[in-house]
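[1] need the 3D shape of this:
(2 chains)
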There are 2 protein chains.
Amino acid sequence: MEYVLSERVKTLKPSAIREIFKYAADPTVVSLSAGNPAPEAFPVKAIAEISAKIFEENPIAALQYSVTEGYPPLRKAVGDYMKENYHVGREFDDLIITSGAQQVMDLITKSMVNEGDTVICEAPSFIGSLNSFRSYNARLCGIPVESDGMNIELLEKALQTEKNVRFIYIIANFQNPSGVTTSLEKRKKIYELAKKYSVMILEDNPYGELRISGENIPPIKSFDEDGIVAYVGSFSKVLSPGMRVGYVIAPREIVQKMVVCKQGEDVHTNVWSQMVAYKFMTEYDFKAHLENLREIYRKKADFCMDLLDKYLVPNKITYQKIEGGLFIWCKLPEGVDMADFCKQAVLRKVCVVPGNAFLTDESEQCSSFRINFSTPTDEQLEKGIKILGELAKEVL
Amino acid sequence: MEYVLSERVKTLKPSAIREIFKYAADPTVVSLSAGNPAPEAFPVKAIAEISAKIFEENPIAALQYSVTEGYPPLRKAVGDYMKENYHVGREFDDLIITSGAQQVMDLITKSMVNEGDTVICEAPSFIGSLNSFRSYNARLCGIPVESDGMNIELLEKALQTEKNVRFIYIIANFQNPSGVTTSLEKRKKIYELAKKYSVMILEDNPYGELRISGENIPPIKSFDEDGIVAYVGSFSKVLSPGMRVGYVIAPREIVQKMVVCKQGEDVHTNVWSQMVAYKFMTEYDFKAHLENLREIYRKKADFCMDLLDKYLVPNKITYQKIEGGLFIWCKLPEGVDMADFCKQAVLRKVCVVPGNAFLTDESEQCSSFRINFSTPTDEQLEKGIKILGELAKEVL
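    The predicted structure is shown next:
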């Protein structure tokens, strides 16, 4: 039988990163292409203890159906945490727990975007979110990211000329893949533009707690007196991605529609993981854990940037220093065939992600690639970057 | 700000059952409106043991990102089980793990149904699935369910006259809410009609293992030589619904698109729960557990049907005996205002689900209501059904 597929999925492809994972599965290949948290960052002992306690004290609640909005104590704990620490969340907002932050991208698109409507995003941007928007046939409009965030002139031009713009998608802290942190000034300008053109902002902040240098910059959502920002948070980088726990804080009217959509998608998020997240936040020293994570990633990032300075920079590959997150964006000289460079790297057993995978149109020209420093060991990082340097020396 | 919502969610409402839960939350109300498995059916001790073992032996795998298709050992175990026990799954099929069976309804609709396309379903049918189809603006066409399954003449007529029918949605065993089991003869006819009109079948089987009397009837998927059936299974009724683990077995081409959609929805299903399900299936006596479940539900169902015979049948409320599942469908005499009857029941502190909640058009006339016997205790069941009988005696 010839299967009839919906228009929205006809052109949808598996993430290019997944294709690269095929190479990365070869144990002789050094993979700098992943985005996994460092395994040593998981509080295994605490999770094991909490889990045992749940099955001792309250097993039925963990195993039975629960409410779509999320485990009520966790909703409250996250809401309090975000309000106290980041001034996020107002009277008109509501907070629900989702099956990872990824689910928020899906639910908000389902709730707000008709097929053919426009989503403005950073270029480059996180491919998982772009594919979520694409899966509802949204039109993507990418705004180039500069060293301090989106180009504001091009953003305003897009808001003036694009039809039916539903929201602006932004990762303001240590963006994936560019590593860029949007400045306070630009955050304010983006907020004012969204307000002026009556467009929502979807602020995705998976890496916000992983700042390794510099001062915290307030989330855009913290300015939100007008109810125009949906803020997305995640436990994937601060606790465990395998647990799939995220959340959204957004105006109640939108959250209510997202709840109805979530009911039809997975009824509710795994209860055990919500209970673990709750107990970890409230019965353990969550702040000390975050400090420990920052220490782990600070060491890894510094080690990685030292290697880049030693092996790549002298061979014409540049990069922007990062203040947090898990990724560094490396730029080849103009005119070099980036895809070919990445292919040659794979032949030498080093895997990076070609930058065009993160563009709204993958066929656009791009001279950058993304490397990740959280998953590989120090030995793998050194080996991989050294090989990239040798390759650069030969071909650039 | 006035929020612009997508066309597809504008008319989407929270499930009527959820509204009823508000009454059911009152501890003085006897709720016969839920659909939760009996708490005594959860293998708490085994899950606690398995969970402890996972964090002792393999914590990083449980906490790290995993593959979208699902935990490979679980995919294999479920595939083997379904092939050996039900002859489900052929060369052209693939199997993926989902975040509950509910997610399959979403993923297959996203993959195959354009806005305005038609989904044929049983009338009445499971509201969670109907809402999933509605959330993609599918047009629903309900085929009346008789005591042995869908009316075949009306099904063929719908296949002839409805435009762009994408699939026929059917719960063949102990259907929710009608309790009806589709006969082998009708299963074969439905298969032949789907083949004749080149339409897929979405066979949802959450209750299949909960047969309390009679002989197992082969799933429609077991006849599927043509690659036209997507079979949906779930661990919610045989292990735990809070864990959110389901699966789909369907032609590879469709499953591949569902995987891409799942990537954008939640990346992958909670890993811990997949590992627990795997170990429970393979390291414990899964068949003895299922036999134990059937014993629990057999007792509860028989007790409930005895109460119905004692209190409702003499007072003009009829029902069809069930051979499994969690629900019984009760019918008021023609001409009685069912919604009013259910309201009066709530005032007397008994909560049932008005039958029209399960129709494709809730405003259609319906004289039935659904009761559930798995969640209430025996005392609650007796109390609730007795009150319904008193009410019936007075008003019918």
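[2] who in the stretch 51-200 of chain A is up against chain B?
    A:51-52, A:55-56, A:59-66, A:68, A:99-100, A:102-103, A:105-106, A:110-115, A:117, A:128, A:131-132, A:134-135, A:166, A:198, A:200 (Cβ under 8 Å from any Cβ of the partner chain). Placement of C-beta: from N, CA and C, glycine included.
[3] give me the subset of those lying in strands.
    A:R166, A:M200 (DSSP state E).
[4] so who does A:M112 touch?
    A:R166, A:F167, A:M200, A:I254, B:Y3, B:V4, B:L5, B:S6 (Cβ atoms under 8 Å, 6 or more residues apart in numbering or on different chains).
[5] which of the residues you listed count as buried?
    Buried residues within these, counting neighbours by 16 or more other Cβ atoms under 10 Å in any protein chain shown: A:R166, A:F167, A:M200, A:I254, B:Y3, B:L5, B:S6.
[6] I'd like those residues as TSV, with distance to A:M338 and pLDDT appended.
    Shown next, in TSV, are the buried ones among the contacts of A:M112 (distance: Cβ to Cβ, whole Å; pLDDT from 0 to 100):
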residue	distance to A:M338	pLDDT
A:R166	31	97
A:F167	30	98
A:M200	33	98
A:I254	39	96
B:Y3	40	89
B:L5	40	89
B:S6	37	91
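[7] could I get those residues as CSV with distance to A:G324?
    Output for the buried ones among the contacts of A:M112, formatted as CSV (distance: Cβ to Cβ, whole Å):
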residue, distance to A:G324
A:R166, 29
A:F167, 24
A:M200, 25
A:I254, 28
B:Y3, 32
B:L5, 35
B:S6, 34
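[8] Three-state assignment for A:V145, please.
    Secondary structure of A:V145, reduced to three states by DSSP: H, G, I helix; E, B strand; the rest coil: strand.
[9] what score does A:I17 have for pLDDT?
    What the model reports as pLDDT for A:I17 is 67.
[10] quick one: least confident helix or strand in chain A?
    The least trusted helix or strand in chain A, going by mean pLDDT, DSSP states H and E, turns out to be helix A:16-24, with a mean of 67.
[11] I'd like the next helix or strand past that helix.
    On the C-terminal side of helix A:16-24, the closest following helix or strand by DSSP states H and E is strand A:30-31.
[12] chain neighbours aside, what residue packs nearest to A:L74?
    Nearest residue to A:L74, sequence neighbours excluded (Cβ to Cβ, 6 or more residues apart in numbering or on different chains): A:Y278, at 4.1 Å.
[13] tell me the domain ranges of chain A?
    A:7-43+A:288-395, A:61-283 (automatic domain parsing).
[14] list the contacts of A:S367.
    Contacts of A:S367 by Cβ under 8 Å, 6+ apart are A:K331, A:L332, A:P333, A:E334, A:G335, A:V336, A:M338, A:G355.
[15] state the distance from it to chain B.
    27 Å (Cβ to the nearest Cβ, to the nearest Å).
[16] with A:K83 instead?
    Distance, A:K83 to chain B, by Cβ to the nearest Cβ: 21 Å.
[17] any idea which element that residue lies in?
    Per DSSP H and E: helix A:72-86 holds A:K83.
[18] just the buried residues of that helix, please?
    Buried-residue list, helix A:72-86, by 16+ other Cβ under 10 Å: A:L74, A:R75, A:A77, A:V78, A:G79, A:Y81, A:M82, A:K83, A:Y86.
[19] between the domains of chain A, which one is nearest to B:T181?
    For B:T181, the closest of the domains of chain A is domain A:61-283, at 23.8 Å, according to Cβ to Cβ.
[20] surely A:V232 forms part of a strand?
    Yes: assessed with three-state DSSP, A:V232 lies in a strand.
[21] state the pLDDT value of it.
    A:V232 is given a pLDDT of 98.
[22] who's it bridged to?
    Using DSSP bridges, the bridge partners assigned to A:V232 are A:D204, A:V248.
[23] circling back to that earlier point, now the contacts of A:M112 in TSV, with distance to A:V346?
    Converted to TSV, these look like this (distance: Cβ to Cβ, whole Å):
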residue	distance to A:V346
A:R166	38
A:F167	36
A:M200	40
A:I254	43
B:Y3	46
B:V4	44
B:L5	45
B:S6	41
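[24] which among these gets closest to A:E122?
    Taking these together and measuring to A:E122 by Cβ to Cβ, the closest member is A:F167, at 12.6 Å.
[25] looking at it, the closest one is touching A:L202, isn't it?
    Yes: look at A:F167 against A:L202 with Cβ atoms under 8 Å: they come within range, at 4.8 Å.
[26] common neighbours of the two, please.
    Residues touching both A:F167 and A:L202 by Cβ under 8 Å, 6+ apart: A:I108, A:A230.
[27] which residues does A:K386 contact?
    Counting by Cβ under 8 Å, 6+ apart, A:K386 makes contact with A:L307, A:Y311.
[28] give me phi/psi at it?
    phi -60, psi -40 (degrees, to the nearest 10).
[29] roughly how far does it sit from A:F42?
    28 Å (Cβ to Cβ, to the nearest Å).
[30] contacts for the top helix by length along chain A?
    Looking across chain A with DSSP state H, the single longest helix is helix A:286-307. Residues outside helix A:286-307 that contact it (Cβ under 8 Å, 6+ apart) are A:38, A:40-41, A:43, A:209-213, A:237-238, A:280, A:319, A:321-322, A:324, A:326, A:328, A:371, A:373-374, A:378, A:381-382, A:385-386.
[31] so which of those residues belong to strands?
    Short answer: these in strands (DSSP E) are A:Y319, A:I328, A:I371.
[32] just give the closest residue to the last one, not the sequence neighbours.
    Among residues not flanking A:I371 along the chain, A:L32 sits closest, at 4.2 Å (Cβ to Cβ, 6+ apart).
[33] count the neighbours of A:G142 for me.
    Using other Cβ atoms under 10 Å in any protein chain shown, A:G142 has 22 other residues around it.
[34] wait, it sits on A:E362?
    No: using Cβ under 8 Å, A:G142 makes no contact with A:E362, being 11.2 Å away.
[35] okay, helices next: where are they in chain A?
    A:7-10, A:16-24, A:44-57, A:59-63, A:72-86, A:101-112, A:127-134, A:152-161, A:184-196, A:252-266, A:271-283, A:286-307, A:338-347, A:378-395.
[36] reformat those helices as CSV; add distance to B:L312.
    Listed next are the helices of chain A as CSV, based on distance: least, Cβ to Cβ, whole Å:
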stretch, distance to B:L312
helix A:7-10, 47
helix A:16-24, 55
helix A:44-57, 40
helix A:59-63, 30
helix A:72-86, 36
helix A:101-112, 41
helix A:127-134, 49
helix A:152-161, 62
helix A:184-196, 58
helix A:252-266, 31
helix A:271-283, 35
helix A:286-307, 54
helix A:338-347, 70
helix A:378-395, 69
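[37] to A:G246, which of those lies closest?
    Closest approach to A:G246 among the helices of chain A (Cβ to Cβ): helix A:101-112, 3.6 Å.
[38] how big is the angle separating that closest one from helix A:252-266?
    110 degrees (axes from the mean of the first three to the mean of the last three Cα atoms, to 10 degrees).
[39] mind checking how far the residue nearest to A:E323 when sequence neighbours are not counted is from chain B?
    Excluding its sequence neighbours, the residue lying closest to A:E323 (Cβ to Cβ, 6+ apart) is A:G214, at 4.4 Å. For A:G214, the distance to chain B equals 27 Å [Cβ to the nearest Cβ].
[40] can you get me a residue count around A:G214?
    Residues lying near A:G214 (other Cβ under 10 Å) number 11.
[41] surely it meets A:I322?
    No: assessed by Cβ under 8 Å, A:G214 is found out of contact with A:I322, at 9.8 Å.
[42] shared neighbours, those two?
    What both A:G214 and A:I322 touch, as defined by Cβ under 8 Å, 6+ apart, is the set A:T181.
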